[in-house]
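Colleague: can you look at this prediction? I've put the sequence above it.
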Amino acid sequence: MATTGEEHTGGLQIHPMDQFVIKPLFGEGPIEWYTPTNATLWMAIAILAMVALLVLATRRRAIVPSRGQSVAEMFYGFIHNMVEEVAGHDALKFFPYIMTLFMFVFLSNMLGLIPMSFSTTSHIAVTATLALMVFFTVTIVGFVRKGPAFLAMFWVSSAPLALRPILALIEIISYFVRPLSHSIRLGGNLMAGHAVIKVFAGFAGAMGVFSVVPVAAIAAMYGLEVLVAAVQAYVFTILTCVYLRDAVGDAHH
């Protein structure tokens, strides 16, 4: 392997996907399910940041709020209104779950933008787990609340009778594809943005005094990624509310 490294020392070396490699925190051994890794570290940091913002910053609540309390109340009101407006009043009992989901995704996205950090939500394994949690929650709640009537959401009674079986099949397929689209939308957008920034950073390092153009591109991409990180957390959460509406609201006809 040493000779291979020596053969490729020349030229521009950019490896945009290296930043997504999961590595053990201690040692160089194989990664098992219990091995602490850079991914688990940054997920833990996201959880600690969530606790600091929503618990520690609000434990001394006051009429004139502190900065931390103001930010926490802003997030609280924003997600509470989203749940009520999108999923309905009956879905408010799931507000703590949706609030936790949003804050974890949002903080993970933002922490992933810190230099030398690790973007956990750029990994499909993480986003797919979150999406499957939403999928099974919605399905279980739907059957518990409505029983077999939950299946009525697949039957479009307003369509012509001849088209209803075809539309039912399409609805069933789209329902089971939800976790895939839910997870890939989040992970794919974040991975693509981080990879592009790494490519521009590689060009900036190789161009020396002429690096002003790629540096400007990095600054623009970084600003865009901040926006993408917030928007993707919002999209992931509002889709969760839309799916939850199927379980707690009336089936469409």
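Modeller: Looks like it came in fine. Residues are numbered from 1 along each chain as shown.
Colleague: for the rest of this, base every contact and every neighbour count on C-alpha atoms.
Modeller: Will do.
Colleague: pLDDT of the lengthiest helix in the chain, averaged?
Modeller: The longest helix of the chain (DSSP state H) is helix 164-207. Across helix 164-207, the average pLDDT comes to 87.
Colleague: report the angle between the very next helix or strand once past that helix and helix 164-207.
Modeller: Per DSSP states H and E, the first helix or strand lying C-terminal to helix 164-207 is helix 212-248. Interaxial angle, helix 212-248 versus helix 164-207 (axes from the mean of the first three to the mean of the last three C-alpha atoms, to 10 degrees): 160 degrees.
Colleague: give me the buried positions along helix 212-248.
Modeller: 214-215, 217-218, 221-222, 225, 228-230, 232-234, 236-241, 243-248 (16 or more other C-alpha atoms under 10 Å).
Colleague: mind checking how far the nearest residue to E225 once chain neighbours are set aside is from F20?
Modeller: Closest residue to E225 in three dimensions, ignoring its sequence neighbours and counting by C-alpha to C-alpha, 6 or more residues apart in numbering: G193, at 6.4 Å. Going from G193 to F20 by C-alpha to C-alpha, to the nearest Å gives 12 Å.
Colleague: likewise E171?
Modeller: From E171 across to F20, the span is 35 Å (C-alpha to C-alpha).
Colleague: run a quick neighbour tally on the closest residue to A195 other than its chain neighbours.
Modeller: Leaving aside its sequence neighbours, A195 sits nearest to P16 (C-alpha to C-alpha, 6+ apart; 4.9 Å). Using other C-alpha atoms under 10 Å, P16 is surrounded by 18 other residues.
Colleague: next: L111.
Modeller: With other C-alpha under 10 Å as criterion, L111 counts 21.
Colleague: show me the shaky parts of the protein.
Modeller: 1-14, 205-210, 250-253 (pLDDT under 70).
Colleague: state the next helix or strand along the chain beyond the helix or strand containing L101.
Modeller: Element membership of L101 [criterion: DSSP H and E] is helix 95-111. Downstream of helix 95-111, the next assigned helix or strand under DSSP H and E is helix 124-146.
Colleague: and that next one, which residues are buried?
Modeller: 124, 126-128, 130-132, 134-135, 138-139, 141-142, 146.
Colleague: which strands or helices does it pack on?
Modeller: helix 164-207, helix 212-248 (3 or more C-alpha pairs under 8 Å, 6 or more residues apart in numbering; DSSP states H and E).
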